[in-house]
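[1] okay, sequence plus prediction incoming.
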Amino acid sequence: MTTRTSKQHKFEIAPLGDSAIMIQFGQSIDMGIHHKIKQLSDYIETHPFHGFIECVPAYVNLTIYYHPYLVWKSLRKTSQLSVTSPFEHVKQIIENTINKIKDVDEQVARTIEIPVCYGGDFGPDLLDVATYNNLTTDEVIDIHSNGDYLVYMIGFCPGFPFIGGMSERIATPRRSSPRTVIPEGSVGIAGIQTGVYPIATPGGWQLIGRTPLDLFLPKNDPPSLLQSGDKVRFKPISLEEYMAYQEEK
């Protein structure tokens with residue numbers, strides 16, 4: 001692992017297998033770290049090097065996948081054979097890019113509104129979340145639906161957003177016994193995170209509601225409704241409104 005410090009960033013670079021490189025900017029969930037990751041990811045996506053495959057942002061790091069042979073082939077064409085490996089070449093590109101880009105105070109981001117029918121059969125853990133935090137269920141709904149949220153990363157399953165910015169007033173540990181199946185659209189809480197299950201899958205998050213929106217869209221490009229860097233607002237809806245959304249799909 002190589003540690004570097006630029007005028008704007010302190011970061012560590014390490015290989016991930018023989019066809020990926022990981023750039024680590026910190027150790028904890030942080031808005032400033034997210035901006036650095038998003039800025040680097042956006043730049044590489046719009047200025048791809050030869051052999052680039054994709055960027056995968058996470059909470060504190062960015063993984064960049066590449067074709068080692070295509071990178072090496074580009075080195076031969078440009079007579080840059082003093083570079084010892086495809087990894088070293090990609091590392092140089094990343095270091096140069098990080099030194100070029102500048103911090104920004106704000107980034108242009110989409111805001112996606114997610115309607116949620118809270119409680120009942122859709123939110124079987126709502127009362128547990130309220131009890132754990134010495135609140136009423138209405139207070140939990142009010143706090144959850146009035147937060148300003150940020151999608152930090154997509155992972156776990158196709159289209160699953162890990163969303164930060166939730167109030168610690170409703171933070172609740174994962175269930176001690178995960179469910180074998182969680183319905184598509186379920187909105188959950190795990191610690192200080194919130195998220196939405198885009199497909200039916202096992203999981204251990206505390207379920208407080210459900211959205212009628214489709215988050216995984218396999219026919220679209222990209223196939224996820226939400227992307228890293230999106231802002232999210234949750235809007236409480238009634239059961240009748242939920243059913244109306246479903247009928248319009």
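    Now that the structure is in, tell me what you want to look at.
[2] okay, now Asp221: neighbour count?
    By other Cβ atoms under 10 Å, 6 other residues sit near Asp221. Where you see a C-beta, it was placed from the backbone N, CA and C, and this is true even at glycine.
[3] checking it next. Helix, strand or coil?
    Going by DSSP: H, G, I helix; E, B strand; the rest coil, the secondary structure assigned to Asp221 is coil.
[4] okay, it and Asp128: tell me how far apart.
    39 Å (Cβ to Cβ, to the nearest Å).
[5] for the closest residue to His67 other than its chain neighbours, give me its contacts.
    Excluding its sequence neighbours, the residue lying closest to His67 (Cβ to Cβ, 6 or more residues apart in numbering) is Gly51, at 4.4 Å. With contact taken as Cβ atoms under 8 Å, 6 or more residues apart in numbering, Gly51 is in contact with Tyr66, His67, Pro68, Tyr69, Leu70, Val71, Lys73, Ser74, Pro86, Val90.
[6] name the element the spatially most central residue of the chain belongs to?
    The C-alpha lying nearest the average C-alpha coordinate of the chain belongs to Met153 (Cα atoms, centre = their mean; 1.0 Å). Assigned by DSSP states H and E, Met153 belongs to strand 149-154.
[7] what comes into contact with that strand?
    So strand 149-154 is contacted by 29, 31, 34, 57-59, 109, 160-166, 194, 224, 226-234 (Cβ under 8 Å, 6+ apart).
[8] give the partner strands of that strand in its sheet and their orientations.
    Strand 149-154 has the following strand partners under DSSP bridges: strand 161-164 (antiparallel), strand 231-236 (antiparallel).
[9] and those strands, which is most packed in?
    Highest mean neighbour count among those (mean count of other Cβ atoms under 10 Å): strand 161-164, with a mean of 23.
[10] check which residues of the top strand by length along the chain are buried.
    Secondary structure of the chain per DSSP state E: the longest strand is strand 111-118. Under the neighbour-count criterion of 16 or more other Cβ atoms under 10 Å, strand 111-118 has Ile112, Ile114, Pro115, Val116, Cys117, Tyr118 buried.
[11] show me what the helix or strand following that strand is packed against.
    Going down the chain from strand 111-118, the next helix or strand is helix 126-132, by DSSP H and E. Helix 126-132 sits against helix 137-144, strand 206-210, with contacts defined as 3 or more Cβ pairs under 8 Å, 6 or more residues apart in numbering; DSSP states H and E.
[12] most tightly surrounded among the ones you listed?
    The highest mean neighbour count among the helices and strands packed on helix 126-132, using mean count of other Cβ under 10 Å, belongs to strand 206-210: a mean of 26.
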